[in-house]
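Undergrad: Sequence and computational prediction follow.
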Amino acid sequence: MALLIYQRETGLKTMSEFLRNWLTVLIFGGVGILLVSVFLGLGSLLRPSRDTPQKRINYESGVDPQGDMWSQANIRYYVFALMFVLFDVEAVFIFPWAARLEVYGLFGLVEMFIFIFILALGLLYAWRKRLLRWV
């Protein structure tokens, strides 16, 4: 009660609306971190843990490992993955642009053509280096 009288007399506010919103975010973030910590700790206490040598073996697609555990992968697989990411990113940018084409107007159209041209240069480069051949 005394705080309210002091606030009324001096015109001071205890907390701005901006800080109150961030305090709410901080409380929810703290509760989220606390819940994750509690559940992970509870799971580590309740789960069975019997370490056996069989659990330490590398496992790939149901096939038991044979020979040395180190093997070098062909670089072609990484190139295919990068090409996929390249054109996946293209799709992520083109679909929202196409949905709002009338808002962006001529400027958006020119920018998207530049973007597609740069991606086409990447595809042309991969084609010229014969990276798109299936062997």
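TA: Received, thanks. Numbering: from 1, shown residues only.
Undergrad: And the pLDDT at F115?
TA: On pLDDT, F115 comes in at 89.
Undergrad: I27 - that's part of a helix, no?
TA: Yes: counting by DSSP: H, G, I helix; E, B strand; the rest coil, I27 is part of a helix.
Undergrad: how far away is it from L34?
TA: Separation of I27 from L34 (CB to CB, to the nearest Å): 10 Å. C-beta coordinates here come from the backbone N, C-alpha and C atoms, glycine included.
Undergrad: Low-confidence stretches in this structure?
TA: Scanning the chain for pLDDT under 70 picks out 1-15, 59-69, 134-135.
Undergrad: Where does the record place the domain boundaries for it?
TA: Domain ranges of the chain: 1-46, 73-135, per automatic domain parsing.
Undergrad: Need the winner for burial among the ones you listed.
TA: domain 73-135 (a mean of 11; mean count of other CB atoms under 10 Å).
Undergrad: Work out the gap between that domain and the centre of the chain.
TA: Relative to the chain's own centre, domain 73-135 is displaced by 19 Å; criterion: CA atoms, centre = their mean, to the nearest Å.
Undergrad: For the residue lying closest to L101 once chain neighbours are set aside, pull up the helix or strand it's in.
TA: Using CB to CB, 6 or more residues apart in numbering and skipping the chain neighbours, the partner closest in space to L101 is G108 (6.7 Å). Here G108 sits within helix 101-128, counting by DSSP states H and E.
Undergrad: Show me what that helix is packed against.
TA: helix 75-99 (3 or more CB pairs under 8 Å, 6 or more residues apart in numbering; DSSP states H and E).
Undergrad: For the helix it packs on, which outside residues touch it?
TA: Contacts with helix 75-99, where a contact means CB atoms under 8 Å, 6 or more residues apart in numbering, come from 104, 108, 112, 115-116, 119, 122-123, 126, 131-132, 135.
Undergrad: at 10 Å what do you get?
TA: Residues outside helix 75-99 that contact it (CB atoms under 10 Å, 6 or more residues apart in numbering) are 74, 103-104, 108-109, 111-112, 115-116, 118-120, 122-123, 126, 129, 131-135.
Undergrad: do stretch 29-43 as well
TA: Contacts of stretch 29-43 (CB under 10 Å, 6+ apart): none.
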